[in-house]
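Student: I need the structure of the sequence given here:
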Amino acid sequence: MFGLGTKNRVSGGRGRTALAEAVLPDGAGLFSCRVLDPVGEPLAGAECSLTDERGRKVATAEADPFGSFVVSVREGEYRLAVGSEGYTPHRGDVLVRDGEHTDLGALTLQVAAPPALPGPGDWEIDPTHSSIAFTARHIGLARVHGRFNTFAGVVRIGERIEDFAMHVLIDAASIDTNVQMRDDHLRSSDFLDVGAYPTLEFYSERFTHRGGNRWGVTGALSLHGVTRTVTLDVDYLGQGNGMEGEQRAACRATTELHRDDYTVSWQTMLARGIAVVGPSITIELDVQVVPKQG
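Tutor: Residues are numbered from 1 along each chain as shown. Okay, the predicted model is just below:
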C-alpha cells in the first residue's frame, strides 16, 4: 500500500474526486469507495480491506467520518471486503489499473439479522471456556490485568424478554494478577476483605435489546458489603456446538466500576501526587453457556 496524504480531499459524490493532482508511484493506481447505511448515512469506522490474488491483505483501514475509503495500490485484481458491526458484509472484485482511479462510489451495507438466541430454559456458565477479567490503572501510566479463577452462574432464557434473568457468583479469594504479594494485598481488608466478604454476586433486573447483537443487562452487584446497580454492555456472539456435540452460546460483556462506590478506597499517593491505584476498574467477561443439567 502506498500513502497519499490526500485522503481528506476525497469528494463525497460518486465519480467526483479532488485527487487529480495526486502523484502515484509507477505501476500504481487509486481505489476509493464510500460506505453508507441503509438510510444513506456514512458508516464511519467501517473496516475496508483489499486482498490480492494470493490471499494477502495489501490494504486495510477504517472508513473516515464521511464513510470514505481511499488507497493507492499496485496495478492488479483485488478482492474487496467491507464490514461494520451489525451489518451484512460486502465483498466484490476490484480491478485497479496503472495511473487510473477506480471509484466504486457508494456501497450500502444492509442491517444484519441478529443471531438466534438460545432456546428457553436455564443455561449455566462453562467455567473452563469462560473468563472474568479486570483491568486497573497503575501509577497513572500502566495497566494491571487480573482475573477471578473461580465463578459460577446461570442465565435463564424466557419466552419473553421480561422473563430473562442472570445470576453470577464469584469467589473473591480467587483473584489472580500473577503476583502473589499483590494478590494477598488485594484479598486483605485494604481491598476485597475476603474474610468478611467471600463472594461477589450479580443478580440481573432487566435485559434490554439494543439492536443487532447488542444487549444491555442491568442488575445489582454486591461487592465488599455494598450493593450497587450496574449495566453490562453485552455483545451476543451466537450459538455453536462443542467438540462433544453439546450446544453452546457465547457472549462478551464489559462494564466499569468505581472503587469508592463499594468503599474499596485504599490509596497511596506518589511524591508527584499521582495515585498508585486508579479510581475505576474495567470488567471484561467472555462467557460460554451450556444447557443446565438436572
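
Student: what packs against the host helix or strand of residue 72?
Tutor: Counting by DSSP states H and E, the element that carries residue 72 is strand 68-74. Secondary-structure packing of strand 68-74 (3 or more CB pairs under 8 Å, 6 or more residues apart in numbering; DSSP states H and E): strand 28-36, strand 47-51, strand 57-62. Every residue, glycine included, has its C-beta placed from N, CA and C.

Student: Would you mind telling me which of those is nearest residue 173?
Tutor: strand 47-51 (41.4 Å; CB to CB).

Student: List the contacts of that closest one.
Tutor: Contact with strand 47-51 is made by 31, 33, 35, 57-63, 69, 71, 73, 78-84, 94, as judged by CB atoms under 8 Å, 6 or more residues apart in numbering.

Student: try stretch 107-118
Tutor: 33-38, 40, 43, 46, 82-84, 86-90, 157, 211-213, 236-239, 247, 249, 289.

Student: give me that answer again for 6 Å
Tutor: Applying CB atoms under 6 Å, 6 or more residues apart in numbering, the contact partners of stretch 107-118 are 33, 35-36, 82, 84, 86-88, 90, 157, 212-213, 238, 249.

Student: Stretch 155-169 too?
Tutor: 118, 120, 122-123, 152-154, 199, 201-204, 207, 289.

Student: hmm, 7 Å instead?
Tutor: With contact meaning CB atoms under 7 Å, 6 or more residues apart in numbering, stretch 155-169 is reached by 117-123, 151-154, 199, 201-204, 207, 209, 217, 219, 289.

Student: what's the span of it, first residue to last?
Tutor: This stretch, stretch 155-169, spans 12 Å end to end (CA to CA, to the nearest Å).

Student: mind listing what's buried in that stretch?
Tutor: 155, 157, 164, 165, 166, 167, 168, 169 (16 or more other CB atoms under 10 Å).

Student: Could you do stretch 76-95 as well?
Tutor: So for stretch 76-95, counting by 16+ other CB under 10 Å, buried means 76, 78, 80, 81, 82, 83, 84, 86, 87, 90, 94.
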